[in-house]
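1. take this sequence and fold it.
(chains A and B)
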Amino acid sequence: MNILKKSTLKSLWVFHFALSPCNNCDIEILDALTPRYDLERFGIQLVGSIRHADVLLVTGVPNYKNYQKLIDLYNQAPKPCFIVAVGTCACGRGVFKTSYNSPGPVDQYVPVSAYIPGCPPKPEAIIAGVVKLIKALSK
Amino acid sequence: MNIIYYLIFPGFMFITAFSLIVSWLDRKITARIQWRKGPALLQNFYDLFKLFSKEILIPNTANKTLFVCSPIVALASVILVATILWLVVFMPKYSFVGDLIVVLYLLIIPSTMFIIGASSSGNPIAALGASREIKLMLSYELPLICAVLVSIIKSSSIKLIDLANFSAFSSISGIIALIVAIICFQAKLGLVPFDVAEAETEIASGIFIEYSGLLLGMIRLTRQILFSIAPLFIIIVFMFQGSWLILIIKYVLLIIIFTLIRNVNPRIKIDQIIKFFWFIIFPISFIAVILVLLGS
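-> Predicted structure coming up:
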């Protein structure tokens, strides 16, 4: 493994995008970033701008108002940018599958690299999902 | 020979590795204060290499030349400051008349370049950050000059090596000037409580919002080098006395002070910052100048 790829995997900067969810997944994501779980030891940190990000954490169900924003945000990110769908809604829309105001799941609009199901997933599950992403990318 | 000094030993290569380690120390202390384990020793190297391997995006609305040039100029000037300061430590004969003035001027250039880069990016949030950075510069520059003036009057010279040999720290005015300089450098480095210009939770990285890839890496490197030379500048100007061991202890202590101030304070608003610097810090530094003129 060359050094540039290794350093990419050792410092994943996360940008958090909420597609109007019920906020439980967002609270769990913030929980995972607190000192108790200490994601900085893996080099993961939350950044304020999509231009700085390597990972886009998506929560919630796309609706007609914001699915275009999701596509725009992915196009604004410098590549390589990996998308992680957090929560059942982002993975496959869950109970909103037949909802009248949702045009489709997240992976219909942008390529998703990892799915973390759960309603909401625990911080441990989010960390396990990120570790699986890193393992898959390092092959 | 000068190009070797600039690029290899006290310059680019050495200062890059050194400043990344110093910033790791800062992050590690922060982590320990928050009762965490903290990042790995090479974390800042990983961050830098990752940013170098990423795509560079330039917004359509940006003035491309200014947007690309400003981080380069900022990095070049801050490396020059680092070279001059480390040469004073390692090879005192390279200190020239007026190098203090050169260093003070070059220390302003990174902030100025960040303002120019942010303004040229065409992003309204970056413009907000740029206006805050201008106000921040207007607040801290004058007290900093006054604090350095104390040392200049005491040693009656503008050569860094004379200031280093004199050590202004041994008097009341010197101690006041040292405290003022530490607070001013806290603002100059853009650390909490004076980080209004980037304020991640509030204006989403502010002045750096549009930078990505290599350019962001250069900005981060500039700030980390600035963080590693701020204690060095303070030591040379105020308290360059004692053996190598004592100097290293002083350096680490100053870094711990910066990190502690950063960790125990909340971010304050820009109007509070201006009031703090103009009506509290500047009169204190002015009193220090008067005290040194009276001879204490």
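2. middle-most residue in chain A, spatially?
-> residue A:57 (1.9 Å; C-alpha atoms, centre = their mean).
3. doesn't that one fall inside a strand?
-> Yes. Residue A:57: assigned to a strand according to DSSP: H, G, I helix; E, B strand; the rest coil.
4. and it, how far is that from residue B:81?
-> Computed as C-beta to C-beta, to the nearest Å, the residue A:57 to residue B:81 distance reads 39 Å. C-beta here means a position set from N, CA and C on the backbone, and glycine is covered the same way.
5. distance between the ends of stretch A:83-98?
-> End-to-end distance for stretch A:83-98, by C-alpha to C-alpha, to the nearest Å: 24 Å.
6. contacts for that stretch, please.
-> A:19, A:21-22, A:24-25, A:28-29, A:55-61, A:74, A:99, A:102, A:105-107, A:110-121, A:126, A:129-130, A:133 (C-beta atoms under 8 Å, 6 or more residues apart in numbering or on different chains).
7. out of these, list just those in helices.
-> A:24-25, A:28-29, A:74, A:126, A:129-130, A:133 (DSSP state H).
8. which pair in those spans the largest distance?
-> The most widely separated members of the ones in helices among the contacts of stretch A:83-98, counting by C-beta to C-beta, are A:24 and A:74 (23.6 Å).
9. can you show me the helices along the stretch 101-250 of chain B?
-> All helices of the stretch 101-250 of chain B, identified by DSSP state H, counting those that start in this stretch, fall at B:124-155, B:160-166, B:172-188, B:200-203, B:213-238, B:244-264.
10. what would the ones you listed look like in a markdown table with mean pLDDT?
-> Compiled in a markdown table, the helices of the stretch 101-250 of chain B are given as follows (pLDDT from 0 to 100):
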| stretch | mean pLDDT |
| --- | --- |
| helix B:124-155 | 89 |
| helix B:160-166 | 78 |
| helix B:172-188 | 89 |
| helix B:200-203 | 76 |
| helix B:213-238 | 90 |
| helix B:244-264 | 90 |
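11. could you measure residue A:125 against residue B:282, distance?
-> Residue A:125 is 53 Å from residue B:282, by C-beta to C-beta.
12. got it, and residue B:199?
-> For residue B:199, the distance to residue B:282 (C-beta to C-beta) stands at 24 Å.
13. out of the two, which sits in the more crowded spot?
-> Taking other C-beta atoms under 10 Å in any protein chain shown, residue B:199 and residue B:282 do not tie; residue B:199 has more neighbours (21 against 18).
14. on that earlier part again, name the member of the ones in helices among the contacts of stretch A:83-98 with the most neighbours.
-> Top of the ones in helices among the contacts of stretch A:83-98 by neighbour count (other C-beta under 10 Å): residue A:25, with 27 neighbours.
15. for that residue, give me its contacts.
-> Counted by C-beta under 8 Å, 6+ apart, residue A:25 has contacts A:18, A:59-60, A:86-87, A:89-90, A:120-121.
16. contacting residues around stretch A:128-139?
-> Identification of contacts with stretch A:128-139 by C-beta under 8 Å, 6+ apart yields A:1, A:5, A:8-9, A:12, A:39, A:42, A:44, A:55, A:82, A:84, A:86, A:113-116, A:121.
17. filter those to the buried ones?
-> A:8-9, A:12, A:39, A:42, A:44, A:55, A:82, A:84, A:86, A:113-116, A:121 (16 or more other C-beta atoms under 10 Å in any protein chain shown).
18. where does confidence bottom out across those?
-> pLDDT across the buried ones among the contacts of stretch A:128-139 is lowest for residue A:8, at 77.
19. remind me which helix or strand that one belongs to.
-> helix A:3-10 (DSSP states H and E).
20. starting at the chain centroid, how far to that helix?
-> From the chain centre to the centre of helix A:3-10 is a distance of 19 Å (C-alpha atoms, centre = their mean, to the nearest Å).
21. can you tell if that helix touches chain B?
-> Yes. Applying C-beta under 8 Å from any C-beta of the partner chain, one finds helix A:3-10 touching chain B at A:3-8, A:10.
22. coming back round to it: look at the residue nearest to the residue nearest to the centre of chain A when sequence neighbours are not counted and report its pLDDT.
-> With sequence-adjacent residues excluded and distances taken as C-beta to C-beta, 6 or more residues apart in numbering or on different chains, residue A:57 is closest to residue A:16, at 4.9 Å. Model confidence at residue A:16, given as pLDDT, is 87.
23. got the ones in helices among the contacts of stretch A:83-98 as JSON lines, with pLDDT columns?
-> Shown next, in JSON lines, are the ones in helices among the contacts of stretch A:83-98 (pLDDT from 0 to 100):
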{"residue": "A:24", "pLDDT": "87"}
{"residue": "A:25", "pLDDT": "86"}
{"residue": "A:28", "pLDDT": "89"}
{"residue": "A:29", "pLDDT": "87"}
{"residue": "A:74", "pLDDT": "90"}
{"residue": "A:126", "pLDDT": "86"}
{"residue": "A:129", "pLDDT": "86"}
{"residue": "A:130", "pLDDT": "84"}
{"residue": "A:133", "pLDDT": "85"}
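24. look up how far chain A lies from residue B:66.
-> 17 Å (C-beta to the nearest C-beta, to the nearest Å).
25. what's the neighbour count on that residue?
-> The burial count for residue B:66: 15, using other C-beta under 10 Å.
26. what sits against it?
-> Contacts of residue B:66 by C-beta under 8 Å, 6+ apart are B:116-117, B:120.
27. what about residue A:14, distance to chain B?
-> Taken as C-beta to the nearest C-beta, the span from residue A:14 to chain B is 12 Å.
28. wait, that residue sits on residue A:49?
-> No. In this structure, residue A:14 is not within contact of residue A:49 by C-beta atoms under 8 Å, at 11.9 Å.
29. which of the contacts of stretch A:128-139 fall within strands?
-> Judged by DSSP state E, strands contain the following of those: A:55, A:82, A:84, A:86, A:114-116.
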